[in-house]
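> got a structure for you, letters missing:
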């Protein structure tokens, strides 16, 4: 460091000397270097400060390579390149990254995926948001337990405009343990994907369906349009009841179930998430199962189309210990904080 200060002082002093005097001093210094080279060892030991001085001078004036005597010009260039690599390695160093996910959250995601094998990453992510745990959906997919089953099928929504004033109805068949066939009737409001009615009967008629629609609407505002298929069970009694309630009947085209996509999707969800895993013993048993599923679907089940909310909006709880509550005998679970 002392040598560097002496060199700096000499450089400042040379600014006040005439060119002739500087030229003579340079010749004298070069002759002294030649004399020292005769007796100096073959390899000269240089400090880091010496290398920094040479590299800085080369950076300012590259032509100083012609004046180097105790080191080769290629050596100074090599030092400069090494310093360039060290500088950019320091400049592009890692300053951190995404925060690590807590071990408790990873364990909770695994427990949720194991306890609910029918759930995907969006469903688990919605439950975590309702518990006040703010993690990304990709993080949930990363820590989930992989099940050997095909991925859930996607579906495209339709009739996005005026969805709140539209409802859809449909019938689906449920076999029982005694090989009888029961019929389930559902009525779904499109605005919040809320189930208005989910009835059961062994002999569906137009009068029975009309009564189900009347009880589903009750004192609430009736939908403006009803989407249905062209099943023969929807008779004149049914159409007259809709007309009396101020509801416009909108049957779909023949053999076009995709035109009633919301109801068809709900029927698929009922089968995949409930009926495919339960043996139905009778009409009363099926009615009790569908009532439990309706309460779960409307109040607890999160939906992608509702930004991971439920049809009947659930509040977010961020304080307390997380406890799981079984639903439908443990087929699904509800997670709350206590």
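Arrived safely, thanks for sending. Quick caveat: nothing in here was measured; it's all calculated off a predicted structure.
> residue 79: how many residues sit nearby?
When neighbours are defined as other C-beta atoms under 10 Å, residue 79 has 19 of them. Bear in mind the C-beta positions are built from the backbone N, C-alpha and C, glycine included.
> roughly how far does it sit from residue 215?
89 Å (C-beta to C-beta, to the nearest Å).
> please apply the same query to residue 85.
From residue 85 to residue 215 the distance is 78 Å (C-beta to C-beta).
> more crowded one of the two?
residue 215 (12 against 9).
> give the contact list for the more buried one.
residue 197 (C-beta atoms under 8 Å, 6 or more residues apart in numbering).
> quick one, phi psi at it?
When read as degrees, to the nearest 10, the backbone of residue 215 gives phi -70, psi -30.
> next one: the one 10 residues further on
Main-chain dihedrals, residue 225, degrees, to the nearest 10: phi -130, psi 150.
> what's around it, how many residues?
Neighbours of residue 225 using other C-beta under 10 Å come to 16.
> one more: residue 273?
Neighbours of residue 273 under the rule other C-beta under 10 Å: 19.
> surely it meets residue 120?
No - Residue 273 lies out of contact with residue 120 (C-beta atoms under 8 Å); the separation is 11.7 Å.
> need the overlap of contacts for those two.
By C-beta under 8 Å, 6+ apart, no residue touches both residue 273 and residue 120.
> what ranges in the chain fall below the confidence cut-off?
1-46, 49-51, 53-55, 57-73, 76, 95-98, 147-162 (pLDDT under 70).
> what's the closest non-adjacent residue to the spatially most central residue of the chain?
A centroid search over the chain (C-alpha atoms, centre = their mean) returns residue 137, at 2.7 Å, as the residue closest to the centre. Residue nearest to residue 137 in three dimensions, not counting chain neighbours: residue 125, with 4.4 Å by C-beta to C-beta, 6 or more residues apart in numbering.
> the one you found against residue 143, yeah?
No - counting by C-beta under 8 Å, residue 143 is not a contact partner of residue 125; they are 11.2 Å apart.
> neighbour count for those two, which is higher?
Legend: neighbour count by other C-beta under 10 Å for residue 125 and residue 143, higher for residue 125 (24 against 18).
> which residues touch that one?
Residue 125 touches 135-137, 140, 308, counting by C-beta under 8 Å, 6+ apart.
> distance between the helix or strand encompassing residue 237 and the chain's centre?
If you go by DSSP states H and E, residue 237 is part of helix 236-244. Helix 236-244 has its C-alpha centroid displaced from the chain centroid by 46 Å (C-alpha atoms, centre = their mean, to the nearest Å).
> which of the three states applies to residue 333?
strand (DSSP: H, G, I helix; E, B strand; the rest coil).
> before we move on, what about the one 3 residues further on?
Assigned by three-state DSSP, the conformation of residue 336 is strand.
> likewise for residue 196?
Assignment for residue 196 (three-state DSSP): strand.
> okay, now it: neighbour count?
Residue 196 has 20 nearby residues by other C-beta under 10 Å.
> repeat that for the one 5 residues further on.
Residue 201 has 17 neighbours, counted by other C-beta under 10 Å.
> pretty sure it is touching residue 174, no?
No - assessed by C-beta under 8 Å, residue 201 is found out of contact with residue 174, at 10.8 Å.
> overlap of the contact sets of those two?
Shared contacts of residue 201 and residue 174, defined by C-beta under 8 Å, 6+ apart, are found at 182-183.
> all helices of the stretch 101-250 of the chain, in order?
103-115, 121-130, 137-143, 206-217, 236-244 (DSSP state H, counting those that start in this stretch).
> residue 56: which of those helices is closest?
helix 137-143 (48.0 Å; C-beta to C-beta).
> show me what that closest one is in contact with.
Against helix 137-143 from outside (C-beta under 8 Å, 6+ apart): 101, 106, 109-110, 121-122, 124-125, 128.
> for residue 254, state which of those is nearest.
Closest to residue 254, out of all of the contacts of helix 137-143 and judged by C-beta to C-beta, is residue 122, at 34.4 Å.
> grab the nearest non-local neighbour of that closest one.
Per C-beta to C-beta, 6+ apart, closest to residue 122 is residue 304, 5.4 Å.
> pretty sure that neighbour sits against residue 120.
No - with contacts counted by C-beta under 8 Å, residue 304 stays clear of residue 120, the gap being 9.7 Å.
> between the contacts of helix 137-143, which sits nearest residue 249?
residue 122 (34.4 Å).
> what is the burial count for that closest one?
Residue 122, neighbours per other C-beta under 10 Å, totals 16.
> distance of it from residue 48?
Residue 122 is 57 Å from residue 48, by C-beta to C-beta.
> how about the contacts made by residue 317?
Contacts for residue 317 were tallied using C-beta under 8 Å, 6+ apart; they are 130-132, 336-337.
> at 10 Å instead, please
130-132, 335-338 (C-beta atoms under 10 Å, 6 or more residues apart in numbering).
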